[in-house]
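Engineer: sharing a model that was predicted from the sequence below.
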Amino acid sequence: MTFDKVRADALVMEVGQMIAADPSYAGRDWTGVALVIEVAPRRRMYGFVYLVDGDWEAETPGDFEIIEKAETLSDVMAEEDRRWTRCLVQLTQPGPELKIQFDYGSEDWNVSPLNHVEMIDKLRP
């Protein structure tokens, strides 16, 4: 790796903490959160909160600084012409525990009205 791993790790933790602390999730009784953050070609987030009773809700954080932090992470992790454009952040309870995966240009985590139901389980932590 040629990027600053220490800085990248710190940014991953910041993104996870920002998501867990967001009012959309904080204080709610959830077992998992899946959030896709897209930084290019457009900036957006979409995701789901998985509740203790087994139900789920489409839920996106209100704090759009999360996208900015993720974009900084993408910049820090960039290597030559390789830069991720989308990441999947998954939080699970108890903990919370954090897992993050990076996408370098596929459409695997692109939620749309046509695939919304399929993505509920595909993104589930």
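Structural biologist: Thanks, I have it. All of these numbers come straight from a predicted model, not from anything done at the bench. Numbers count the residues shown, from 1 in each chain.
Engineer: and the residue positioned nearest the centre of the chain, what element?
Structural biologist: Geometric centre of the chain, nearest residue: Val89, 3.0 Å, by CA atoms, centre = their mean. Element membership for Val89, per DSSP states H and E: strand 86-92.
Engineer: chain center to that strand, what's the gap?
Structural biologist: 3 Å (CA atoms, centre = their mean, to the nearest Å).
Engineer: what about that strand, average pLDDT?
Structural biologist: The average pLDDT within strand 86-92 is 97.
Engineer: got it, and stretch 65-77?
Structural biologist: Mean predicted lDDT for stretch 65-77 stands at 96.
Engineer: tell me which residues of that stretch come out buried.
Structural biologist: Residues 66-67, 69-70, 72-74, 76-77 are the ones in stretch 65-77 that count as buried (16 or more other CB atoms under 10 Å). In this view, the C-beta of every residue, glycine as well, is placed from N, C-alpha and C.
Engineer: next, format the residues you listed as JSON lines and append secondary structure and distance to Asp29.
Structural biologist: Shown next, in JSON lines, are the buried residues of stretch 65-77 (DSSP: H, G, I helix; E, B strand; the rest coil; distance: CB to CB, whole Å):
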{"residue": "Ile66", "secondary structure": "helix", "distance to Asp29": "22"}
{"residue": "Ile67", "secondary structure": "helix", "distance to Asp29": "26"}
{"residue": "Lys69", "secondary structure": "helix", "distance to Asp29": "26"}
{"residue": "Ala70", "secondary structure": "helix", "distance to Asp29": "26"}
{"residue": "Thr72", "secondary structure": "helix", "distance to Asp29": "31"}
{"residue": "Leu73", "secondary structure": "helix", "distance to Asp29": "29"}
{"residue": "Ser74", "secondary structure": "helix", "distance to Asp29": "32"}
{"residue": "Val76", "secondary structure": "helix", "distance to Asp29": "34"}
{"residue": "Met77", "secondary structure": "helix", "distance to Asp29": "34"}
